[in-house]
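Visitor: Need coordinates for the below:
(one chain, ligands or ions: 2)
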Amino acid sequence: MDSALNRVRRVINQCDVLIEVVDARFPTRSKRLERMVRRRGKKLLLVTNKVDLVREEVQGIPFSAKTGRGKRELMRELERLADGEIRVGVIGRPNVGKSSLINALRGRKVARTSARAGFTRGEQWIRLSPKIMLVDSPGVITWSDEEELLLEDALDVDKARDPVSAALKLFSRHPEVLKKLGLKGGEEALEEFARKTGKLKKGGEPNVKEAARMIIRRWQRGDFHKPKNK
Ligand SMILES: Nc1nc2c(ncn2[C@@H]2O[C@H](COP(=O)(O)OP(=O)(O)OP(=O)(O)O)[C@@H](O)[C@H]2O)c(=O)[nH]1
Ligand SMILES: [Mg+2]
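Guide: Numbering: from 1, shown residues only. Ligands and ions are numbered 1, 2, ... in the order given. Have a look, this model is predicted:
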């Protein structure tokens, strides 16, 4: 993952202000990124994106690229910091919505987005206003725990080697998922889900790996997060 770190280092060096984006459902800030920003004397703004998927209070500026919430506040912050021309880098883990945030601020689709983690490859500069240049950059992973990455929607399920343990971890942390799926707990939950959804192997055995992938995909899509009355 060192090349990813080098890339973000370059972005931080080139910018005056960094926006650290986190996903409201898994709002883990990256201490390592924050240290890199601080050490270089750059300004850091924390933005919690996808607030449309949660009800809790969040840290930093609450934002939703989907609904446009927080746009005005973030623009105001940036304008305040821009005495001359400033360069602003958008950083954070894969799939938190960095490119979507840029599009929301710009008011049209200038950066490409995708439901798949690890989508943006190179850096892309976008003029936001006469004084503000923004740069989109690939997501940064500074650690490598596959289960965590899957549950944080920072890794594509199809690339996971062991979706089963990630699904079991999900059940133990969020028993409400089992309830919503109408499953009893334990190892058998995946077998039960595979049978229910017709995911069977050739011999008729339940395909637990595919069942795990389906559940994680739904978790990543936010199916279990949607607030009921919003
Ligand atoms: N519900 C909701 N979904 C969002 C929001 N912002 C982005 N998304 C979704 O999150 C997914 C990732 O968005 P991107 O903007 O591509 O994320 P990214 O951080 O640029 O991802 P990488 O380039 O892969 O690092 C897409 O499916 C978006 O539609 C939001 O505010 N609310
Ligand atoms: Mg992107």
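Visitor: Around ligand 1, which positions in the protein sit nearby?
Guide: Contacts of the chain with ligand 1, taken as Cβ under 6 Å from any ligand atom, map to 49-50, 52-53, 64-66, 94-100, 113-115, 117-120, 138-139, 222. (C-beta placed from N, C-alpha, C; glycine too.)
Visitor: Recalculate using a threshold of 5 Å.
Guide: When proximity is defined by Cβ under 5 Å from any ligand atom, the chain lies next to ligand 1 at 49-50, 52, 64-66, 94-100, 113-115, 118-120, 139.
Visitor: are any of those buried, and which?
Guide: Members of the residues of the chain next to ligand 1 that pass the buried threshold by neighbour count (16 or more other Cβ atoms under 10 Å) are listed as 49-50, 52, 64-65, 94-100, 113, 118-120, 139.
Visitor: Give me the subset of these that also touch ligand 2.
Guide: With the criterion set as Cβ under 5 Å from the ion, the members of these near ligand 2 are K98, S99, T120.
Visitor: got CSV for those, with secondary structure and pLDDT too?
Guide: What follows is those, written out as CSV (DSSP: H, G, I helix; E, B strand; the rest coil; pLDDT from 0 to 100):
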residue, secondary structure, pLDDT
K98, helix, 96
S99, helix, 96
T120, coil, 84
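Visitor: Quick one: the helices in this structure, in order.
Guide: With DSSP state H as the definition, the chain shows helices at residue ranges 2-14, 31-39, 71-81, 98-106, 146-151, 163-173, 175-181, 188-196, 208-221.
Visitor: any idea which of those is most buried?
Guide: Between these, the one whose residues have the most neighbours on average, counting mean count of other Cβ atoms under 10 Å, is helix 98-106 (a mean of 23).
Visitor: now it: how far from the chain's centre is it?
Guide: Using Cα atoms, centre = their mean, to the nearest Å, the distance from the centre of helix 98-106 to the centre of the chain it belongs to is 14 Å.
Visitor: And for stretch 26-46?
Guide: Here the centre of mass of C-alpha atoms in stretch 26-46, compared against the chain's by Cα atoms, centre = their mean, lies 16 Å away.
Visitor: Just the endpoints, please. Distance across that stretch?
Guide: The first and last residues of stretch 26-46 sit 14 Å apart, counting by Cα to Cα, to the nearest Å.
Visitor: just stretch 46-63 next, same as before
Guide: The first residue of stretch 46-63 is 10 Å away from its last residue (Cα to Cα).
Visitor: List the buried residues for it?
Guide: 46-54, 58, 60-63.
Visitor: For that stretch, which outside residues touch it?
Guide: Outside of stretch 46-63, the residues that reach it under the criterion Cβ atoms under 8 Å, 6 or more residues apart in numbering are 19-25, 27, 29, 45, 64-67, 69-71, 73-74, 77, 96-97, 100-101, 104, 222, 225-227, 230.
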